[in-house]
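Engineer: Dropping the sequence and predicted coords here.
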Amino acid sequence: MKKTAVLAIGGNAVNKPGERPTAENMLKALNEAMGYLSDMLEEYDIVITHGNGPQVGNILIQQEMAKDVIPPFPLDVNDAQTQGSLGYMIVQSLRNQLQKKDIKKQIAAVVTQIIVDKNDKAFQNPSKPIGPFYTKEEAEKLSRLKGWIMKEDAGRGYRRVVPSPKPLDIVEKDVIKMLLENDVIVVAAGGGGVPVIEKDGFLHGVEAVIDKDRASSLLAIEINADLFVILTGVEKVSLNYKKPDQIDLDTLSVKDAKTYLEQGQFPSGSMGPKIESAIEFVEATGRECIISDISKLKQALNGLTGTRIKA
């Protein structure tokens with residue numbers, strides 16, 4: 001039997017740095033990315049997850065510009081919209097890559113809801129910036145009118161911040177397992193999934209953002225994946241990143257990873273959540289997580305590059 005892998009692809013696989021976020025550019029980037037992923041299908045059944053931060057941000061800007069014509073949708077609905085649009089692009093791009101290699105496989109994108117705790121501390125301390133920049137005066141007005149929490153962002157203006165709660169459960173996990181058991185490649189938990197809370201047995205969407213890598217780690221645990229791969233913009237995890245004494249890591253134990261996190265080696269705005277997500281998967285399963293650049297996926301799977309987080 002084939003092994004199962006969850007692959008979390010980063011923003012560079014969807015939209016290359018410096019390129020305009022047009023549908024044409026996104027499809028071009030995804031066609032390239034899916035070419036790398038298709039190489040591992042002989043050995044693995046795969047589930048693909050992806051980010052959606054820039055895409056949701058663009059929708060929020062569009063909604064802001066058209067707010068007097070069409071009422072804006074809540075954040076959870078925007079999350080679902082980008083899961084659908086990016087899922088479509090990923091499925092089509094991967095299908096076309098498989099067609100070139102004469103590989104016949106069914107591929108399905110699943111709009112995925114992820115349960116969070118309504119009492120999660122993140123709801124009392126929103127920290128994730130989303131959407132457009134505003135002036136101080138605009139930010140104060142939006143805070144009064146809509147109750148948004150607005151914070152200054154690195155001298156560039158004010159932005160809305162929303163909670164980033166911990167993912168607890170995946171509503172569609174049994175559907176994803178069923179598809180895998182029937183030899184279907186699955187795209188799921190896009191953008192960290194649509195955050196929902198459970199109340200009296202009913203689900204309700206909430207205005208929040210779930211970290212994509214944390215949701216991907218939970219999914220990998222839930223489906224009992226043999227391997228979790230986080231594909232990002234660097235070939236290896238590094239200590240002292242971008243400093244003269246930078247050290248690239250081939251392997252990283254969970255114990256050392258926790259130590260480096262405490263030392264601030266992996267900032268919360270970049271590598272931190274990826275390392276924490278890797279730790280969660282390795283501790284829950286005893287298996288490995290690989291972090292590398294998507295263009296180096298084949299080499300990383302063969303142990304020639306990338307960083308392996310091990311128990």
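Structural biologist: Nice, I can see it.
Engineer: Quickly find the element holding the residue of the chain most remote from its centre.
Structural biologist: Distance from the centre of the chain peaks at E137, with 32.9 Å (CA atoms, centre = their mean). Using DSSP states H and E, E137 falls within helix 136-146.
Engineer: Check the offset of that helix from the chain's centre.
Structural biologist: Offset of helix 136-146 from its chain centre (CA atoms, centre = their mean, to the nearest Å): 30 Å.
Engineer: Kindly report the same for stretch 133-146.
Structural biologist: The chain centre lies 29 Å from the centre of stretch 133-146; the measure is CA atoms, centre = their mean.
Engineer: check contacts around K3.
Structural biologist: Residues counted as contacts of K3 (CB atoms under 8 Å, 6 or more residues apart in numbering) are E43, Y44, D45, D226, L227. Using the backbone N, CA and C atoms, a C-beta is placed for each residue, glycine as well.
Engineer: Which entry within those residues corresponds to the minimum pLDDT?
Structural biologist: Taken together, those show their lowest pLDDT at E43, with 92.
Engineer: Now for it: which residues touch it?
Structural biologist: Counting by CB under 8 Å, 6+ apart, E43 touches K2, K3, L301.
Engineer: doesn't Y44 make contact with the first one?
Structural biologist: Right, K2. Yes. Using CB atoms under 8 Å, K2 makes contact with Y44 at a distance of 5.9 Å.
Engineer: Looking at these two, which has the bigger crowd around it?
Structural biologist: Relative neighbour count places Y44 above the other of K2 and Y44, with 20 against 13, counting by other CB atoms under 10 Å.
Engineer: and the residue nearest to that one when sequence neighbours are not counted, what does it touch?
Structural biologist: Nearest residue to Y44, sequence neighbours excluded (CB to CB, 6 or more residues apart in numbering): A5, at 4.4 Å. Contacts of A5 were listed using CB under 8 Å, 6+ apart, and they are M40, Y44, D45, I46, V47, A225, D226, L227, F228, V229.
Engineer: swap in I61?
Structural biologist: G131, P132.
Engineer: From P72, how far out is it?
Structural biologist: 11 Å (CB to CB, to the nearest Å).
Engineer: and R159, what is it in contact with?
Structural biologist: By CB under 8 Å, 6+ apart, the residues touching R159 are P129, I130, G131, P132, F133, Y134, M150, K151, D153.
Engineer: Correct me if wrong: the third one contacts P54.
Structural biologist: Which is G131. No. The pair G131 and P54 fails to qualify as a contact (CB under 8 Å) at a distance of 11.1 Å.
Engineer: quick one, which of the two is more surrounded?
Structural biologist: Between G131 and P54, counted using other CB under 10 Å, the more crowded position is G131 (20 against 14).
Engineer: In three-state terms, label that one for me.
Structural biologist: Three-state assignment for G131 (DSSP: H, G, I helix; E, B strand; the rest coil): strand.
Engineer: I230 too?
Structural biologist: Judged by three-state DSSP, the three-state class of I230 is strand.
Engineer: list the buried ones in stretch 94-101?
Structural biologist: L94, R95, Q97, L98 (16 or more other CB atoms under 10 Å).
Engineer: taking those as a set, which two sit the farthest apart in space?
Structural biologist: R95 and Q97 (7.4 Å; CB to CB).
Engineer: Can you give me the pLDDT of E283?
Structural biologist: Looking at E283, its pLDDT reads 98.
Engineer: thinking again about what came up before, turn the buried residues of stretch 94-101 into JSON lines, including secondary structure, distance to Q265 and pLDDT.
Structural biologist: JSON lines is the format used below for the buried residues of stretch 94-101 (DSSP: H, G, I helix; E, B strand; the rest coil; distance: CB to CB, whole Å; pLDDT from 0 to 100):
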{"residue": "L94", "secondary structure": "helix", "distance to Q265": "34", "pLDDT": "97"}
{"residue": "R95", "secondary structure": "helix", "distance to Q265": "40", "pLDDT": "97"}
{"residue": "Q97", "secondary structure": "helix", "distance to Q265": "36", "pLDDT": "96"}
{"residue": "L98", "secondary structure": "helix", "distance to Q265": "39", "pLDDT": "96"}
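Engineer: Show me just the buried residues among the contacts of R159.
Structural biologist: P129, I130, G131, P132, Y134, M150.
Engineer: partner residues bridging the fifth one?
Structural biologist: Spelled out, that is Y134. Assessed by DSSP bridges, Y134 has beta-bridge partners Y158.
Engineer: try the second one
Structural biologist: For I130, the beta-bridge partners under DSSP bridges are R160.
Engineer: tell me the angle the worst-scoring helix or strand of the chain on mean pLDDT makes with helix 136-146.
Structural biologist: Of all helical and strand segments in the chain, the minimum by mean pLDDT, DSSP states H and E falls on strand 128-134, at a mean of 83. Strand 128-134 and helix 136-146 are oriented at 120 degrees to each other (axes from the mean of the first three to the mean of the last three CA atoms, to 10 degrees).
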